[in-house]
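Asks: this one's sequence-less:
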Ligand code: FES
């Protein structure tokens with residue numbers, strides 16, 4: 001069995017109050033998915049759709065690839081907004097999911113309840 005011994009730092013999602021360990025060479029979104037966690041919305045996982053947009057409240061990240069200006073403006077980027085599938089953690093991270101945050105199960109329940 002593969003034992004993942006890479007050094008990791010904690011990533012905390014404020015809305016769900018979840019914390020998961022993320023390696024320095026994987027994106028915040030990959031770290032969450034590897035553990036089967038939820039909290040950050042998952043889309044293309046390739047920087048194209050923008051659903052994983054987050055606001056980094058504390059900590060430092062480094063880019064794994066370009067962040068699309070269609071989803072994060074240059075001004076937003078200076079304020080700490082980024083795409084969770086495009087950055088990896090350097091230090092412990094505290095973030096909030098922005099814009100399109102919604103809980104899928106509630107959305108489904110509401111749609112059924114209103115039918
Ligand atoms: S999941 Fe699509 S941009 Fe990150």
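Replies: Looks like it arrived, so ask away. Quantities reported herein were computed from a predicted structural model and do not represent experimental measurements.
Asks: return the residues of this protein in contact with the ligand.
Replies: The chain comes close to the ligand at residues 42-45, 47-52, 83, 85, as judged by C-beta under 6 Å from any ligand atom. All C-beta atoms are positioned from the backbone trio N, CA, C, and that covers glycine.
Asks: give me the buried entries from the residues you listed.
Replies: 43, 45, 47, 49-52, 83, 85 (16 or more other C-beta atoms under 10 Å).
Asks: confidence score at the residue nearest the centre of the chain?
Replies: In the chain, the C-alpha nearest the mean C-alpha coordinate belongs to residue 84, at 3.6 Å (C-alpha atoms, centre = their mean). What the model reports as pLDDT for residue 84 is 97.
Asks: contacts only, for it.
Replies: Residue 84 makes contact with 27-29, 32, 40, 52-54, 95, according to C-beta atoms under 8 Å, 6 or more residues apart in numbering.
Asks: and it, backbone torsions?
Replies: phi -60, psi -20 (degrees, to the nearest 10).
Asks: for the protein, what spans make up the strands?
Replies: 8-13, 18-23, 53-58, 61-63, 81-83, 87-89, 93-97 (DSSP state E).
Asks: identify the farthest-apart pair in the buried ones among the residues of the chain next to the ligand.
Replies: 45 and 50 (11.9 Å; C-beta to C-beta).
Asks: could you tell me which ranges of this protein sit under the pLDDT cut-off?
Replies: Applying pLDDT under 70 to the chain flags the ranges 1, 99-115.
Asks: at 90 instead, please
Replies: Confidence mapping of the chain against pLDDT under 90 gives the ranges 1-4, 34-39, 66-68, 99-115.
Asks: where do the helices sit along it?
Replies: 28-34, 74-78, 104-113 (DSSP state H).
Asks: neighbouring contacts of the shortest one?
Replies: If I follow you right, that is helix 74-78. By C-beta under 8 Å, 6+ apart, helix 74-78 touches residue 67.
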